[in-house]
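Q: have a look; sequence and predicted model below, questions after that.
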Amino acid sequence: MKQEEKTKTGILLPEITEKDKPEQGKVIAVGPGKKTSAGKVNPLEVKSGDIVLFTKYGPSEVKIDDKEYLIAREEDILAILE
């Protein structure tokens, strides 16, 4: 999702400030969870439809049917936004 280029008070943000900021996205699908060394599956806290904040360089980019998606580990997700 595109970030705001102007603050609520009207201050314009230079392009450089956007480079290392976390990004927002919508979760399209999730897997079953992360498997522990004991073989148990820990369920994920995120679910399809959640809007999340994630680290900029964490996810991997993939292209499927001319659409670009990001594949992220739950560790790369900083917050679930309401």
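A: It's in.

Q: how far away is the residue with the largest distance to the centre of the chain from residue 30?
A: Within the chain, residue 38 marks the point farthest from the mean C-alpha position, 28.1 Å out by CA atoms, centre = their mean. Remark: distance between residue 38 and residue 30 (CB to CB, to the nearest Å) = 22 Å. Every C-beta, even on glycine, is put in place using the N, C-alpha and C of the backbone.

Q: how about residue 78?
A: Taken as CB to CB, the span from residue 78 to residue 30 is 16 Å.

Q: next: residue 9.
A: Distance, residue 9 to residue 30, by CB to CB: 37 Å.

Q: sheet partners, orientation included, of the least confident helix or strand in the chain by mean pLDDT?
A: Ranking every helix and strand in the chain by mean pLDDT, DSSP states H and E puts strand 34-35 at the bottom, with a mean of 87. According to DSSP bridges, strand 34-35 forms sheet pairs with strand 41-42 (antiparallel).

Q: so what touches the partner strand?
A: Here strand 41-42 makes contact (CB atoms under 8 Å, 6 or more residues apart in numbering) with 32, 33, 34, 35, 36.
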